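*Asks:* Sequence first, then the predicted structure:
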Amino acid sequence: MPFRVGVNVGQFFRGVPPRWDERVREIEDLGFDGIWFAEAYGSDVFTPLAWCAARTTRVRLGTAVAQIPARSPAATAMAAATLDQLSGGRVVLGLGASGPQVSEGWHGVAFPRPLARTREYVEVVRQVLAREAPLTHDGQFHRLPLPSGTGLGKPLRSTLHHLRPDLPIQLGAEGPRNVALAAEIADGWHAMFFSPEADAFHRAALDAGFSRRPGGRPARFEVIATVPVVVHEDVERAADRVRPELALYIGGMGAREANFHHDVFTRLGYADVAARVQDLYLRGEKRAAAAAIPTALVEAVALVGPVGKIREELSRWESTVVDSLAVQGLPDDLALVARAVLG
């Protein structure tokens, strides 16, 4: 296969999935490249990765993504570096700004200027990981040591000698300016709802970021796309398993005035569909919202249908900016999915 392929489990809903221990081992045994976790306002992103680190030996362990408003940059660097030590250097730190509903409603952190906040956050995380000097930062969002308060704060250096001071940092991004920021300051971009049809758009955003980066694109920069994969002989039934998730993100993940996922599908040429789905979802008509999503839209961002069809459609991705794939969720038929995407 031209890609490395992992599994993006996402987050836990209600509780830990059935047969969890067995399924984690299966991901590694089947030959998948990595295990990725997400967080919103339920399960966190680092605890399950630590659990997986204890039960695997090879797969990469990635956050897709750790929310920037959830932790101070030093706390995020501590968690990533500790997990990297425990796992023998298998961590990929994905970071994301989240959205105003979660940032302000759940974490109590103001959302405005997310790109500037992300840039500064990454700068502090890199300083902590590099461990070249005691930590100081005089920014708009982070001032270290804190100039107010007791006045007793002092620059500190991590007591942990980091296994990889250059631990890879990726940004989760959807909009063009955020994708460009990933190319400018990070080691990779983790894409959600990537479509080969929009490759030129994303390639231009990445190139804009690389043009601002000293030396241009670094050799180890990686683009990972999380992709829904459903194997079924009936394409429509396979698409039906993806529609509710798309309806949630297009219609209900974020406010009407600020839903970055909705914007992705508008840019793909589905503005009318996205508006209809959002209207239905926000009225509480979730089933109707899912039913309003055409199969063509599902196939634009997902791999659905028989094994042969999926393997054929993977060729669409070969000439795109994508380097690696992550199967979205934890399919019950993981072995069948592996046959489709791994060969």
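*Replies:* Now that the structure is in, tell me what you want to look at. Numbers count the residues shown, from 1 in each chain.
*Asks:* Look at A271 and say how many residues are nearby.
*Replies:* Neighbourhood size, A271 [other C-beta atoms under 10 Å]: 13. No exception for glycine: its C-beta is placed from N, CA and C like everyone else's.
*Asks:* same question but for A208, I mixed them up
*Replies:* A208: 16 neighbours (other C-beta under 10 Å).
*Asks:* quick one, what contacts it?
*Replies:* P176, A180, A183 (C-beta atoms under 8 Å, 6 or more residues apart in numbering).
*Asks:* Inside strands: which ones of those residues?
*Replies:* Counting by DSSP state E, no part of the contacts of A208 is found in strands.
*Asks:* so which of the residues you listed is the most crowded?
*Replies:* Result: A183 is most packed of those (other C-beta under 10 Å), 27 neighbours.
*Asks:* how much space between that one and G216?
*Replies:* 10 Å (C-beta to C-beta, to the nearest Å).
*Asks:* Kindly report the same for V231.
*Replies:* 39 Å.
*Asks:* Same question for E39.
*Replies:* From E39 to G216 the distance is 33 Å (C-beta to C-beta).
*Asks:* Looking at those two now, which is surrounded by more residues?
*Replies:* Of the pair E39 and G216, E39 is the one with more neighbours under other C-beta under 10 Å, namely 23 against 11.
*Asks:* Touching, the more buried one and Q67? I think so.
*Replies:* Yes. Here E39 reaches Q67: they are 5.9 Å apart, a contact under C-beta atoms under 8 Å.
*Asks:* can you list residues touching both of the two?
*Replies:* With C-beta under 8 Å, 6+ apart as the test, E39 and Q67 both reach V45.
*Asks:* Would you mind listing the outside residues contacting stretch 38-45?
*Replies:* With C-beta under 8 Å, 6+ apart as the test, stretch 38-45 has contacts from 8-13, 37, 63-67, 70, 98, 102, 106.
*Asks:* do the same with stretch 229-239
*Replies:* By C-beta under 8 Å, 6+ apart, the list of residues contacting stretch 229-239 reads 241-242, 295, 298-299, 302-307, 309-310, 327-328, 331, 333, 336-337, 339-341.
*Asks:* which residues in the stretch 151-300 of the chain form strands?
*Replies:* 169-173, 188-192, 222-227, 229-231 (DSSP state E, counting those that start in this stretch).
*Asks:* The shortest one: which residues count as buried?
*Replies:* When you say that, I think you mean strand 229-231. Within strand 229-231, the residues that count as buried by 16 or more other C-beta atoms under 10 Å are V229, V230, V231.
*Asks:* so the first one bridges to which residues?
*Replies:* Yep, that's V229 we're talking about. L303 (DSSP bridges).
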